[in-house]
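J.: following is a predicted model, sequence given first.
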Amino acid sequence: MRFEATGSYRHGYERFVPAPVEMVLLAALFIFCWKLYGGINNSAVAGMSSVVIVAIAWVLGMAIRVATNDLRWWLLIGFGLAVLAPFLAGNNYQVGIMAQVCVFTMMILGLNIVVGYTGQISIGHGALVGISAYFIAVLTHYSGWPMWPAIIVAVFITTAFGALLGIPALRLAGPYLAIATLAVALIFPLVVKLDQFQKYDGGNSGIREERITPPSGLDSLFKNNAPATYKNEFAKSQFSQQTYIYYILLAAAIIGTWGAWNLTRSRFGRAFVAVRDSEVAATAMGINTALYKVMAFGISAFYAGIAGALFWVEISFVSTESFDLFNLSIYPLAYMVIGGLATIGGSLLGAFGYLWVPQTVLKIATIDQGFGDLQGAITGLLLVVFMTRLPQGVWGWVLGVNRYSWRALSADTRALAARPQPTFWAFVAAAIVIVILTGAFIGSVWSLFAAGLFIVAPTSAWTSVFAPFRRATTSLLRRARGRPRPPESAPADAG
Amino acid sequence: MEVFFSQLANGLSTGALYALLALALVFIFRSTDIVNFAQGEMATFGTYLGWSLSRPLSLSWIPLLGIDRHINVISWNPQIFGASLSLGTPNEGVTRMGYIVVFIVTVAISFAIGAFIERFIIRPSEGKNLLNAVIVTLGLFILFNSLSLYRYGPTPQVYPSPVKAATAVDFGIFKMSQQALFSFCVGVVLMLLVYWFFQRTKLGLGMRAAALNPRASELMGINTGRMLTLGWALAAAIGCVAGMMVAPQVAGISPSLMLTILLYAFAAAVLGGLDSALGAVIGGLAVGIGQAMVVQYVGSQWSDLIAFGLIIAVLMVKPTGLFGSPVLEKV
């Protein structure tokens, strides 16, 4: 099975979309979210109109684009932000969300190994996370085990289940495997809810335990350094506990990311990709496809098992509602695809999006009511748009933007100057004017929408919308000038 | 014994609905090799459209305008360049369409939606990669589910029925509700229509040819792309009919109306073979009867479990199902 999306997505006409435009819109989005979450407490900044924000975003976008042609900057910035997150966030709720980002980083990494790298679709990973969390819950709650041994046992059991889940993959492909794994995801809550198991797993009411508490040294450290928004002693102890848990999860997520990164570049990772691209060719190269498929499912389940363990550490509560089809099987898969199939960075972005896109939608819903129910629609729309127009996902897009170096930009600008594209520049101007006007007259929420539309626009849909107009205009111009048609040549390549 | 026969009759009736939805799945799978996970949600959405059509004339007829639920959707931004918009309150209209008109219009709209989806959403990922297509239909699944929730809200709405839905008809050895009888009859008529369409019309022949061998049928002058669009459109329309038959039998339409039914339809389609229309019908009836019997004699909590277990068991033992043709992999 091959994925579309190899190489740069900028071909032909799309090469002429200048990166600053994309970066500006990205920065506008970023600043919008920042403002939404009260990240800027300075009232002078918070009171700015959207017009000023877009203007600042323009400058910022240029700066970021020029500064970060090297992706390692992003890595460093991301790492720093992740470590400082509890102290930057205004309240415990947001720290909790960041902790869940770590949980789903593990899950989506595992999912990406099996879906992205090995090409075997699985809609059943929610069941694996659930199995792990439930085993830990039952062992600690009913059998009185300490938590860490329970976690080890549960992760190994989940790995075994995952390898079992890989056995259908030996016989089934594509849609058939999707249906089979979907059935697994659906069966899991039903089994838990069965009357016969009620007394072992709590049935519908679930299992609750006390969350872990930090050792006294760390506790006082976190309490003393708690941000000023935590007023009293109780809030500070809550903060201390949440932060402690967050750092455990963050450490696990970082180790997991490092492991997945190494795995995908190892013999195993190459073999997975070979199995995905052509099973027959992989077999001919001496790869035991059956073994590697089961192994991919096993490794993936190992990650899912750890995700389940982290889930238990973070929430210390399991019920069948937590592991329903949408929340734990379909949405993570969706955001993995939006983030970027078969990339580690894409998995991280996916986990981030999985938690923060719905949060942002809910946050907007506090301004515009009725918006909250649209979060699923937004996810679905993103999924469809990305899969049909930008199958590389956000990560591929970011890479594309970064690959678009300054020299290439100037080369293309020269090419543009040599061959004017009036319709295109009219389009860019219209986009900026529309975003600014929407922000000024209708509201920042809708300017976000407009910006989002134009982010996707230049690279995909609108290109085809505008292409006929462009052809018409250029041919009109050519006729007006009375010059012969210039030979089609590839645009000048970067340095 | 009366209980047994009543359950058998009910099983046949729900089985006919499963068969309809399974048929829709099979159409799409045969023509495009895609399993349409969004089938049930598309049907729910279509049924909701029918529901809003069956209400008095109002702005709620305009699809996607969230008037029904969020009366203030328009007043989200009441002032656009200083002018405030007021589009009136819903349900103050005058007309009310008859059931049959609503039925026909709804099916027509669903047909159009299905065609639109194939042409503009599925077509770009068609024939490239099966995984892409599966993920796109999952996206549509989320999209339609959430749109129904957004526009019509989570509370179930009562769907009209031309018969007295709750009243039972006594056949002597068994009893059956009028709605169940009605939906069984509609299901059978529709299946016969589909059979006639594919076996006796030139267009149906063209569709079969396009599904069997796209390249050759293109050489014979068949517009394959149009046949695929037609296949999706037909599937959407059939799914919508199933939705309109289901809605009066349960508490009403809710965004999750077709979710369970779609899963049973999957069980039916897998049991019969994903590429066999006859298999879908027989599988649907078998699953329907099986479900009724399990609910009666084993316990209702086992019915879902057995259905999903059946999916896995069939796929593990015989992936082609009872009537499906074996998958040949080209190298």
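T.: Arrived safely.
J.: use CA for all of it now, contacts and neighbours both
T.: Noted.
J.: so where's the stretch 351-495 of chain A uncertain?
T.: Regions of the stretch 351-495 of chain A meeting the criterion pLDDT under 70 cover residues A:364-372, A:397-428, A:438-495.
J.: please redo it, this time with the cut-off set to 90
T.: Residue ranges of the stretch 351-495 of chain A with pLDDT under 90: A:352-353, A:355-495.
J.: quick one: contacts for the residue nearest the centre of chain B?
T.: By C-alpha atoms, centre = their mean, chain B has its centre lying nearest to B:Gly239, at 2.2 Å. The contact partners of B:Gly239, taken as C-alpha atoms under 8 Å, 6 or more residues apart in numbering or on different chains, are B:20-21, B:24, B:39-40, B:42-43.
J.: rerun at 6 Å
T.: Listed by C-alpha atoms under 6 Å, 6 or more residues apart in numbering or on different chains, the contact set of B:Gly239 reads B:21, B:43.
J.: helices or strands up against the longest helix seen in chain A?
T.: Longest among the helix segments of chain A by residue count, using DSSP state H, is helix A:233-265. Packing contacts for helix A:233-265, counted by 3 or more C-alpha pairs under 6 Å, 6 or more residues apart in numbering or on different chains; DSSP states H and E, involve helix A:92-111, helix A:216-224.
J.: if I look at A:Ala165, how far off is chain B?
T.: Heads up, residue A:165 is Leu, not Ala. Distance, A:Leu165 to chain B, by C-alpha to the nearest C-alpha, to the nearest Å: 11 Å.
J.: pull the residues that contact the helix or strand hosting that residue.
T.: Element membership of A:Leu165, judged by DSSP states H and E, is helix A:147-171. For helix A:147-171, contacts defined as C-alpha under 6 Å, 6+ apart pick out A:132, A:135-136, A:290, A:294, A:297-298, A:301-302, A:305, A:309.
J.: wait, doesn't B:Leu271 sit right on B:Phe323?
T.: No: between B:Leu271 and B:Phe323 there is no contact under C-alpha atoms under 6 Å: 8.4 Å.
J.: of these two, who's got more company?
T.: Higher neighbour count among B:Leu271 and B:Phe323: B:Leu271, with 28 against 19, using other C-alpha atoms under 10 Å in any protein chain shown.
J.: OK, contacts around the closest residue to the more buried one other than its chain neighbours?
T.: Leaving out its chain neighbours, the residue that sits closest to B:Leu271 by C-alpha to C-alpha, 6 or more residues apart in numbering or on different chains is B:Gly321, at 4.9 Å. Neighbour list for B:Gly321: B:270-273 [criterion: C-alpha under 6 Å, 6+ apart].
J.: part of a helix, is B:Gly321?
T.: No: per DSSP: H, G, I helix; E, B strand; the rest coil, B:Gly321 lies outside any helix segment and is coil.
J.: farthest pair within the contacts of helix A:147-171?
T.: Farthest-apart pair in the contacts of helix A:147-171 is A:Ile136 and A:Ala290; separation 30.5 Å (C-alpha to C-alpha).
J.: between these two, which one's more packed in?
T.: The neighbour comparison of A:Ile136 against A:Ala290 (other C-alpha under 10 Å) goes to A:Ile136, with 30 against 17.
J.: host element of that one?
T.: Using DSSP H and E, the element containing A:Ile136 is helix A:125-141.
J.: what about the residue nearest to B:Leu271, distance to B:Val270?
T.: 6 Å (C-alpha to C-alpha, to the nearest Å).
J.: what about the closest residue to B:Gln291 other than its chain neighbours, neighbour count?
T.: Among residues not flanking B:Gln291 along the chain, B:Ser303 sits closest, at 5.8 Å (C-alpha to C-alpha, 6+ apart). For B:Ser303, the count of nearby residues is 19 (other C-alpha under 10 Å).
J.: mind listing what's buried in the helix or strand that contains B:Ser303?
T.: Here B:Ser303, judged by DSSP H and E, is contained in helix B:301-317. Within helix B:301-317, the residues scored as buried using 16 or more other C-alpha atoms under 10 Å in any protein chain shown are B:303-312, B:314-316.
J.: show me what it is packed up against.
T.: Under the contact rule (3+ C-alpha pairs under 6 Å, 6+ apart), helix B:301-317 is not packed against any helix or strand.
J.: how far does that helix sit from the chain's center?
T.: When C-alpha coordinates are averaged (C-alpha atoms, centre = their mean, to the nearest Å), helix B:301-317 and its chain have centres 21 Å apart.
J.: export only the CA atoms of that helix, formatted as PDB.
T.: This file holds the C-alpha atoms of helix B:301-317, laid out as PDB (Å, rounded to 0.1, in the frame of the first residue of the first chain):
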ATOM      1  CA  GLN B 301     -27.000  -7.400  26.200                       C
ATOM      2  CA  TRP B 302     -25.600 -10.300  24.100                       C
ATOM      3  CA  SER B 303     -27.200  -9.200  20.800                       C
ATOM      4  CA  ASP B 304     -24.600  -6.500  20.000                       C
ATOM      5  CA  LEU B 305     -21.800  -8.600  21.300                       C
ATOM      6  CA  ILE B 306     -22.800 -11.600  19.100                       C
ATOM      7  CA  ALA B 307     -23.200  -9.300  16.000                       C
ATOM      8  CA  PHE B 308     -19.700  -7.900  16.300                       C
ATOM      9  CA  GLY B 309     -18.300 -11.300  17.200                       C
ATOM     10  CA  LEU B 310     -19.900 -12.500  14.000                       C
ATOM     11  CA  ILE B 311     -18.100  -9.900  12.000                       C
ATOM     12  CA  ILE B 312     -14.700 -10.900  13.400                       C
ATOM     13  CA  ALA B 313     -15.400 -14.600  13.200                       C
ATOM     14  CA  VAL B 314     -16.600 -14.400   9.500                       C
ATOM     15  CA  LEU B 315     -13.600 -12.300   8.500                       C
ATOM     16  CA  MET B 316     -11.200 -14.600  10.300                       C
ATOM     17  CA  VAL B 317     -12.700 -17.900   8.900                       C
END
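J.: hmm, who's touching that helix?
T.: A:180, A:183, B:267, B:291, B:294.
J.: same question for stretch B:118-132.
T.: Residues contacting stretch B:118-132 (C-alpha under 6 Å, 6+ apart): A:174, A:388, B:133, B:229.
J.: burial check on the last one, number of neighbours?
T.: The burial metric for B:Thr229, expressed as a neighbour count using other C-alpha under 10 Å, is 25.
J.: show the contacting residues for it.
T.: B:115, B:118.
J.: return the set of buried residues in the helix or strand hosting it.
T.: Assigning secondary structure by DSSP H and E places B:Thr229 in helix B:224-246. If you call a residue buried by 16+ other C-alpha under 10 Å, then helix B:224-246 has these buried ones: B:224, B:227-246.
J.: orientation of whichever helix or strand comes after it relative to helix B:224-246 in degrees?
T.: Where DSSP H and E defines the elements, the next helix or strand beyond helix B:224-246 is helix B:259-272. Using axes from the mean of the first three to the mean of the last three C-alpha atoms, to 10 degrees, the inter-axis angle of helix B:259-272 relative to helix B:224-246 is 120 degrees.
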